[in-house]
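S.K.: sharing a model prediction with you, sequence too.
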Amino acid sequence: QVQLVESGGGLVQAGGSLRLTCAASTRIFNNYAMGWFRQAPGKEREFVAAISSGGSPSYADSVKGRFFISRDNAKNTVYLQMNSLNTEDTAVYYCAASGRYYYPSRTRTTYDYWGQGTQVTVSS
């Protein structure tokens, strides 16, 4: 059974940092793109960052220069380092994995597998 398990969310003050981790249950995702999306209350799920199978990243404009995505294929793990957090970053963050594409897509339908989400709350 394919599983993606996120961790690392929590409560942080504005200006602080958090690192999210997504652990995959299978090595198959090492060959495909993985990404992070987020969903705030009352809003649609939106793209945050993605990384290709080869390690090339893509970022939403709202997080560019503050968030950094990386992957460790030896550990079947993807990370999202979040710096200079602000209240608008408050959301549930979801890890996603594609079973079809290697490039870092910003489109939700590109991704076939999703984690359960981890809450990130930034206080002012």
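M.R.: That came through, no problem.

S.K.: distance of the most centrally placed residue in the chain from Glu46?
M.R.: The geometric centre of the chain, computed from its C-alpha atoms, lies nearest to Trp36 (C-alpha atoms, centre = their mean), at 2.3 Å. According to C-beta to C-beta, to the nearest Å, Trp36 stands 10 Å off from Glu46. C-beta: built from backbone N, CA, C; applies to glycine.

S.K.: same thing with Val78?
M.R.: Val78 is 18 Å from Glu46, by C-beta to C-beta.

S.K.: so which of the two has more stuff around it?
M.R.: More crowded of Val78 and Glu46, by other C-beta atoms under 10 Å: Val78, with 28 against 14.

S.K.: beta-bridge partners for the more buried one, please?
M.R.: Val78 has these beta-bridge partners by DSSP bridges: Cys22, Arg71.

S.K.: related to what we said a few turns ago, mind listing what the residue nearest to the centre of the chain touches?
M.R.: Shown in contact with Trp36 (C-beta atoms under 8 Å, 6 or more residues apart in numbering): 20, 22, 48-50, 69, 78, 80, 93-96.

S.K.: in strands, which of the residues you listed appear?
M.R.: 20, 22, 48-50, 69, 78, 80, 93-96 (DSSP state E).

S.K.: and which of those is nearest Tyr102?
M.R.: Nearest to Tyr102 among these, counting by C-beta to C-beta, is Ala50 at 10.9 Å.

S.K.: was I right about that closest one contacting Pro104?
M.R.: Yes. Under the criterion of C-beta atoms under 8 Å, Ala50 makes contact with Pro104 at 3.6 Å.

S.K.: next, show the common contact partners of these two.
M.R.: 33, 35, 57-58.

S.K.: mind listing which of those residues are in strands?
M.R.: 35, 57-58.

S.K.: just checking, Leu80 touches Val48?
M.R.: Yes. Between Leu80 and Val48 a contact is recorded at 7.2 Å, counting by C-beta under 8 Å.

S.K.: thanks a lot, see you next time.
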